[in-house]
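[1] Here is my input, please return the structure:
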Amino acid sequence: MPRLRFSRPDGGPASERETPAAADSAAITLAARPISASDYASSSNEDRDLIAKVQARLVGEPETVAARREADYWPRRIAALVSEQIETLGRPVTERDRTRLTRYAQAELLGLGPLEPLLADDSVSEIMVNGPNQIWVERSGKIELTSATFLNDEHIRRIIDRIISPLGRRCDETTPMVDARLADGSRLNAIIPPLCLNGPTLTIRKFFKKPLGPSDLVARGAATTELIELLRACVLGHLNIVVSGGTGTGKTTILNMLSSFIPDGERIITIENAAELQLQQRHVITLETRPANIEGRGEVAIRDLVVNSLRMRPDRIVIGECRAGEALDMLQAMNTGHDGSMTTLHANTPRDAISRLETMVLMAGLDLPQRAIREQISAAVHVIIQLERLQDGSRKIVKVNELTGMEGDVITMSEIFTFQQQGVREGKVVGKIVPTGIRPRFLEKLQQNGINLPPSVFGFSGRPGA
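    Residues are numbered from 1 along each chain as shown. As a prediction, the model looks like this:
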């Protein structure tokens, strides 16, 4: 959880009094059960005044040795001050209310305020703050309005600063947009006035505490065991893979799953705007872009990191997302010995993904002939995995295509797997992911790497004449 650093005023020793037992109990309760939406809904102006007094006390205290050394110092100190303020005000409260106030104070002063219960809710996949009075969430692919609110615009700004300050990022009138990440890897985007007229707006895309594995995707109907077996072989066989799909279709989830198949002994370099990938291998180097400073200098773009990564002796290069001219450097890396590289991009179909790659290569600023670009793409990319979020909110792999070469000026593809929708039943899309019966040309390369796929993966029984 992001920690709030309090300023150290001049003079005066730190208060080292023992924390009351009741406060210790409240702090332990918070660790076991995060603040709930009902805790926030039942807060009053009197509660908020108490929190303000606790904050004023904390800001006025010097930082102690214990504060730097003990991970739970600030939660315990807040619990002690809450109890102290309750006694000072002579406010009659039950033990349950004391615990609620302690959790409320800790969430406000150390955490993310009214977002805490939503972040703790595993059923929430996305949080959308549209100004102080509207907080929406996504559950199972559907968007719904919550009862949670912020006090005002300044309240949201404090939460934004608490998230991005430790990352060396800023969000103010000179830089009113920022991308960042939470401690658990969840992705955050913030945009504030004057660019956003609704007030400060936050979008948080949550990630599972444990990345979804192949079995999870099969259980959710996003893939089949045969498809997973094929994708595992593609990764082990050092094929270059592009994951394509619209916003929120699960591209990062699939990229994480594909990356889990990379052998532990290989050197992997990941390149992202905001680090989201959760690779489990030991030999992973994580690179992250840097925005320009207040003077407009010091920006480090993905393309700069891709060029630098080639000097770092990578076995695999994994780019979180290609958006611009870095696509050219990625294709060149794939064509010059860095097989097994992976990336994602936004596109609605595999054919659109090729068009997007062409456009992004042109954004590199080089006046390359269209045919030369397409030859680079057809030689570099082996597989395109297409994702889609269906009308019921479910996310699935809907196509797996192999790039097979060029015919004239057109890149040719063959469809290896496809999703066949059979209808909608009780609001749920009914269908299955099936092999098309086409044997991909890259099987020869897989066999050279000692990887043999059974005919059943491609829909054949394996019997003679089947």
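[2] Please make it C-alpha for all contacts and neighbour counts, starting now.
    Will do.
[3] Please give the element, helix or strand, for the closest residue to Thr149 other than its chain neighbours.
    The spatial neighbour of Thr149 that comes closest, neighbours along the chain excluded (C-alpha to C-alpha, 6 or more residues apart in numbering), is Asn133 at 5.0 Å. Using DSSP states H and E, Asn133 is not contained in any helix or strand.
[4] How many neighbouring residues does Asn133 have?
    16 (other C-alpha atoms under 10 Å).
[5] Asn452 too?
    12.
[6] For the remainder of this discussion, apply numbering that starts at 30.
    Understood, numbering begins at 30; the last thing we discussed is Asn481.
[7] ok, now which ones touch the nearest residue to it once chain neighbours are set aside?
    Closest residue to Asn481 apart from its sequence neighbours, by C-alpha to C-alpha, 6+ apart: Leu475 at 6.8 Å. Contact analysis of Leu475 by C-alpha atoms under 8 Å, 6 or more residues apart in numbering lists 262-263, 266, 481.
[8] swap in Val271?
    By C-alpha under 8 Å, 6+ apart, the neighbours of Val271 are 371-374, 410, 412-414.
[9] go with 7 Å
    371-373, 412-414 (C-alpha atoms under 7 Å, 6 or more residues apart in numbering).
[10] got the CA coordinates for the one helix or strand it maps to in CSV?
    Following DSSP H and E, one finds Val271 within strand 270-274. In CSV, the C-alpha atoms belonging to strand 270-274 read as follows (Å, rounded to 0.1, in the frame of the first residue of the first chain):
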residue,chain,number,x,y,z
ILE,A,270,3.9,-13.6,-31.7
VAL,A,271,1.6,-10.6,-31.9
VAL,A,272,-1.4,-10.4,-29.6
SER,A,273,-4.1,-8.3,-31.2
GLY,A,274,-7.4,-7.0,-29.8
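[11] Adjacent strands (with direction) for that strand?
    Paired strands of strand 270-274, with direction, are strand 371-375 (parallel), strand 412-418 (parallel) (DSSP bridges).
[12] could you pull out the helices for the stretch 180-329 of the chain?
    Ranges of helices in the stretch 180-329 of the chain, per DSSP state H, counting those that start in this stretch, are 182-193, 243-248, 254-265, 280-288.
[13] which outside residues touch the shortest one?
    Outside of helix 243-248, the residues that reach it under the criterion C-alpha under 7 Å, 6+ apart are 252-254, 257, 286.
[14] Selecting buried members of those in PyMOL, what would you type?
    The buried subset of the contacts of helix 243-248, as determined by 16 or more other C-alpha atoms under 10 Å, is captured in PyMOL by this line:
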select buried, resi 252+253+257+286
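[15] Can you get me a residue count around Ile172?
    16.
[16] Hmm, I typed the wrong one, I wanted Leu482.
    Neighbour tally, Leu482, other C-alpha under 10 Å: 14.
[17] Give the other helices and strands that the lengthiest helix in the chain contacts.
    Longest helix of the chain, by residue count under DSSP state H: helix 102-118. Under the contact definition 3 or more C-alpha pairs under 7 Å, 6 or more residues apart in numbering; DSSP states H and E, helix 102-118 sits against helix 50-61, helix 74-88, helix 94-98, helix 124-138.
[18] that older thread, going through the contacts of Leu475, which ones are buried?
    262-263, 266.
[19] so which of those residues comes closest to Ser154?
    Cys263 (29.2 Å; C-alpha to C-alpha).
[20] Please enumerate the helices of the stretch 380-495 of the chain.
    399-409, 472-477.
[21] okay if I get those as TSV plus distance to Arg106 and mean pLDDT?
    Below are these laid out as TSV (distance: least, C-alpha to C-alpha, whole Å; pLDDT from 0 to 100):
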stretch	distance to Arg106	mean pLDDT
helix 399-409	57	94
helix 472-477	60	91
